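coordinates for the following, if possible.
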Amino acid sequence: MARLLIILALLATGFWVYSVVDCAVQPRIRHRAVPKAVWMLIVIVFPVIGGILWFLLGRIPARAAVRAPDDDPAFLRSLHTRSAQDDRIRQLEEELARLDNDADGDDDTPPDGRTGRGSH
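Okay, here's the model as predicted:
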């Protein structure tokens, strides 16, 4: 019986230490219901019960945390799709390139055909 109590005490102590450390290292945005300092107090003062409450009620799971855009697969997929606006921009750029080429193709002759040199 004494061995069982020692084993349970060691398990409870390990769980308590793990709960305190986990609560301490979580960013503030991953704490639910009350501030981080209050969760720390709950976990420290009520060793096993506080740890259970922390894992069930206080901790926001990592999968529910906010992701950066480059970590979000849906965002990355959206980068590869072309929108109508992208197509319109591409068309306008092509049209501007054609207009530039047409303007460069002229030999600086005015539309009326005059060369502008010594035509008095």
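
residues in contact with residue 28?
35, 36 (Cβ atoms under 8 Å, 6 or more residues apart in numbering). The C-beta positions use only the backbone N, C-alpha and C, and glycine is treated the same way.

switch the cut-off to 6 Å
Residues counted as contacts of residue 28 (Cβ atoms under 6 Å, 6 or more residues apart in numbering) are residue 36.

what about the helices in the chain?
2-25, 36-45, 47-53, 73-80, 84-105 (DSSP state H).

and these, which one's lowest on average pLDDT?
The weakest mean pLDDT among the helices of the chain belongs to helix 73-80, with a mean of 71.

how far does that helix sit from the chain's center?
From the chain centre to the centre of helix 73-80 is a distance of 12 Å (Cα atoms, centre = their mean, to the nearest Å).

do stretch 44-56 as well
Distance of stretch 44-56 from the chain centroid (Cα atoms, centre = their mean) equals 31 Å.

give me the domain ranges for this protein.
Listed domain ranges for the chain are 1-66, 68-101 (source: automatic domain parsing).

of those, which stretch is the most buried?
domain 1-66 (a mean of 13; mean count of other Cβ atoms under 10 Å).

quick revisit: turn the helices of the chain into a markdown table, including distance to residue 60.
What follows is these, written out as a markdown table (distance: least, Cβ to Cβ, whole Å):
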| stretch | distance to residue 60 |
| --- | --- |
| helix 2-25 | 12 |
| helix 36-45 | 11 |
| helix 47-53 | 14 |
| helix 73-80 | 20 |
| helix 84-105 | 36 |
